[in-house]
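Trainee: Here is a sequence with its predicted model. Questions after.
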Amino acid sequence: MRPALLNQFLVIIPLLAVLQGCATAAKIDEMVPTTSVVADSNSKFYKNIFVSSASGGDETNPLWTSEISADDFRKALEIALQNAEILSELRSSSTYEIQVFLDEVEQPIAGLDMTVTTQVTYQVIDFNTRERIFDKQITAAYTAEFGDAFMGVERLRLANEGAAEKNISQFLSELIDLGKEE
């Protein structure tokens with residue numbers, strides 16, 4: 001590489017990094033479904049489930065990309081379960097537990113419109129029998145468009161939040177339907 005071109009390259013890369021901005025993690029409250037279904041009081045899951053574990057996901061590196069951490073996803077799921085009147089106040093009074101695995105968060109490197117796809121495995125387990133009564137990977141995608149945010153890191157965060165929210169929403173819908181069976 002010629003020295004003049006190399007000098008321009010060394011100036012442009014940090015400038016692009018500054019223009020890109022710092023990455024921030026997906027916000028918990030933005031991952032919670034806004035239109036949540038509510039369990040009937042006669043559902044077997046009504047205030048009867050506890051989230052026992054969440055794993056996978058990644059912590060956000062401010063110098064790289066926005067991510068979804070397992071802990072933040074768990075908190076958003078617990079709020080959603082509470083809003084749907086499924087979350088138990090105490091683990092000891094629960095019949096069921098949920099184990100969550102953030103298998104994959106597929107993100108674009110760059111783009112005007114950014115689509116993030118989440119693949120999350122949810123397992124609902126009966127405490128007493130240890131039987132898995134629900135074991136499914138749910139895939140959900142969300143696209144944050146250029147008009148949603150000028151900065152690419154901001155669009156990526158919005159896409160992360162939207163994909164997580166859609167994933168949790170789909171899980172809640174399926175769980176509430178399962179709670180009606182019997």
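Mentor: Now that the structure is in, tell me what you want to look at.
Trainee: Contacts for stretch 146-158, please.
Mentor: Here stretch 146-158 makes contact (C-beta atoms under 8 Å, 6 or more residues apart in numbering) with 20-27, 30, 65-66, 107-108, 110-114, 116, 144-145. C-beta: built from backbone N, CA, C; applies to glycine.
Trainee: Point out where this structure drops to low pLDDT.
Mentor: Within the chain, the stretches with pLDDT under 70 are 1-21, 60-64, 181-182.
Trainee: who's in contact with residue 111?
Mentor: residue 152 are the contacts of residue 111 under C-beta under 8 Å, 6+ apart.
Trainee: cool, the one 4 residues further on as well?
Mentor: Going by C-beta under 8 Å, 6+ apart, residue 115 touches 108, 141, 142, 143, 144, 159.
Trainee: Check residue 104 too.
Mentor: Each residue near residue 104 by C-beta under 8 Å, 6+ apart is listed here: 117, 118, 119.
Trainee: okay if I get those as JSON lines plus secondary structure and distance to residue 99?
Mentor: JSON lines is the format used below for the contacts of residue 104 (DSSP: H, G, I helix; E, B strand; the rest coil; distance: C-beta to C-beta, whole Å):
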{"residue": "117", "secondary structure": "strand", "distance to residue 99": "21"}
{"residue": "118", "secondary structure": "strand", "distance to residue 99": "16"}
{"residue": "119", "secondary structure": "strand", "distance to residue 99": "15"}
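Trainee: Pipe those into CSV and attach distance to residue 98 and neighbour count per row.
Mentor: Output for those, formatted as CSV (distance: C-beta to C-beta, whole Å; neighbours: other C-beta atoms under 10 Å):
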residue, distance to residue 98, neighbour count
117, 21, 18
118, 16, 28
119, 16, 18
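Trainee: could you dump the contacts of residue 115 to CSV with neighbour count, distance to residue 86 and secondary structure?
Mentor: Shown next, in CSV, are the contacts of residue 115 (neighbours: other C-beta atoms under 10 Å; distance: C-beta to C-beta, whole Å; DSSP: H, G, I helix; E, B strand; the rest coil):
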residue, neighbour count, distance to residue 86, secondary structure
108, 17, 33, coil
141, 15, 25, strand
142, 19, 23, strand
143, 17, 29, strand
144, 24, 29, strand
159, 29, 27, helix
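Trainee: Angles on the backbone of the residue nearest in space to the middle of the chain, please.
Mentor: With distances taken as C-alpha atoms, centre = their mean, the residue of the chain nearest its centroid is residue 164 (3.0 Å). Dihedral angles of residue 164 (phi, psi; degrees, to the nearest 10) stand at phi -70, psi -40.
Trainee: give the contact list for it.
Mentor: Residues near residue 164 by C-beta under 8 Å, 6+ apart: 26, 31, 68, 73, 76, 118, 140.
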